[in-house]
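*Asks:* coords please:
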Amino acid sequence: MRFWLARLVHATWGLPQTVLGAGVKVMAGQDCPSYTFRSALVTEWRLRRGLSLGPFIFVPRGCPRRLVVHEYGHTVQALILGPLYLPVIVLPSLTWAGVPALERARRRRGISYYTFYTEHWANVLAERVCHEPSMR
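*Replies:* Modelled structure (predicted):
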């Protein structure tokens, strides 16, 4: 029942990120292995970073399960925030992950990527929902 309820919420309240996730899935190609994790479709792609858009999770091939659990936390955020997920979570997270100056500052100061509010909250939600360890 929860699976179908999550799918319904992703298809309505979370439609913007669900449509984007479906588009990324198509662009990732047929040769990328996929599997289901809880209510999400996980695709192992060639990129070295994870991404979660609604019910679509993208992780590097052979990544640790903890990263899948973490990305599922973002899926839960998308269920909670609906159309606010993109501006509140995705854009700040992409900035935190992708701006070279921020990457250098994190390395220089020894700051974990997962201390940023988007990532920390995803870990908290994932561990509550999945009852498994997430990224730290």
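
*Asks:* from here on, contacts and neighbour counts on C-alpha atoms
*Replies:* Noted.

*Asks:* Tell me how far the residue nearest to residue 48 when sequence neighbours are not counted lies from residue 95.
*Replies:* Of all residues not flanking residue 48 in the chain, residue 60 sits nearest, at 5.1 Å (C-alpha to C-alpha, 6 or more residues apart in numbering). Separation of residue 60 from residue 95 (C-alpha to C-alpha, to the nearest Å) stands at 19 Å.

*Asks:* These two: which is more packed in?
*Replies:* residue 60 (17 against 12; other C-alpha atoms under 10 Å).

*Asks:* On the pLDDT front, check the residue nearest to residue 48 for me.
*Replies:* On the pLDDT scale, residue 60 is placed at 97.

*Asks:* hang on, it packs against residue 46?
*Replies:* Yes. Counting by C-alpha atoms under 8 Å, residue 60 does reach residue 46; the two are 5.9 Å apart.

*Asks:* before we move on, the earlier item: how close does the residue nearest to residue 48 get to residue 80?
*Replies:* For residue 60 relative to residue 80 (C-alpha to C-alpha), the value is 25 Å.

*Asks:* Kind regards, and thank you for your time.
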